[in-house]
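**Q** this one's structure only:
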């Protein structure tokens with residue numbers, strides 16, 4: 001957070017060269033490690049080729065639907081009130097939903113063992129498209145936690 005009270009400028013993301021999608025470009029940036037963007041691009045594009053072979057559908061549409069399926073509506077945030085910390089359910093802004101969905105898909109891919117990264121990525125995206133998989137389970141767990149803690153919603157800052 002800057003000390004200056006003015007708003008921080010958001011840097012626009014350039015769409016990726018192959019699909020022309022800003023969402024794919026953001027996903028590539030999230031997947032990237034140690035500044036190796038060309039490697040991250042190759043992994044994503046290989047995974048998209050595998051998705052196209054397996055589902056016989058446009059991989060961009062499958063990816064967008066998967067992100068939409070994983071996107072959470074509510075998350076819980078800790079808030080300290082009178083010496084106790086409560087988990088308070090809060091709504092998630094649309095941009096943050098996509099970011100969380102991408103993070104959860106990537107975390108699920110990195111947690112899988114045994115196959116190459118493009119194969120794991122393709123499987124996870126297809127699973128999210130079909131409302132199954134580890135990323136969807138994470139979303140459901142977060143929603144369950146928010147539902148369980150809805151009694152503390154009156155502590156939320158407005």
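**A** Thanks, I have it. Given the structure is predicted, the values throughout are model-derived calculations rather than measurements.
**Q** Every contact and neighbour count from this point should use C-alpha atoms.
**A** Fine.
**Q** Excluding chain neighbours, what is closest to residue 43?
**A** Nearest residue to residue 43, sequence neighbours excluded (Cα to Cα, 6 or more residues apart in numbering): residue 118, at 5.2 Å.
**Q** Please give the number of neighbouring residues around that neighbour.
**A** Per other Cα atoms under 10 Å, the neighbour tally for residue 118 reads 21.
**Q** So the residue nearest to residue 58 when sequence neighbours are not counted: helix, strand or coil?
**A** Nearest residue to residue 58 in three dimensions, chain neighbours excluded: residue 52, at 6.1 Å (Cα to Cα, 6+ apart). Here residue 52 is recorded as helix under DSSP: H, G, I helix; E, B strand; the rest coil.
**Q** wait, is the residue nearest to residue 43 part of a helix?
**A** Yes - per three-state DSSP, residue 118 lies within a helix segment.
**Q** Can you give me every residue that contacts it?
**A** Contacts for residue 118 (Cα atoms under 8 Å, 6 or more residues apart in numbering) come out as 43-44, 46-47, 50.
**Q** My reading is that residue 47 lies in a strand. Confirm?
**A** No - according to three-state DSSP, residue 47 belongs to no strand; its state is helix.
**Q** Verify the stated contact: the residue nearest to residue 58 with residue 59.
**A** Yes - Residue 52 lies in contact with residue 59 (Cα atoms under 8 Å); the separation is 5.4 Å.
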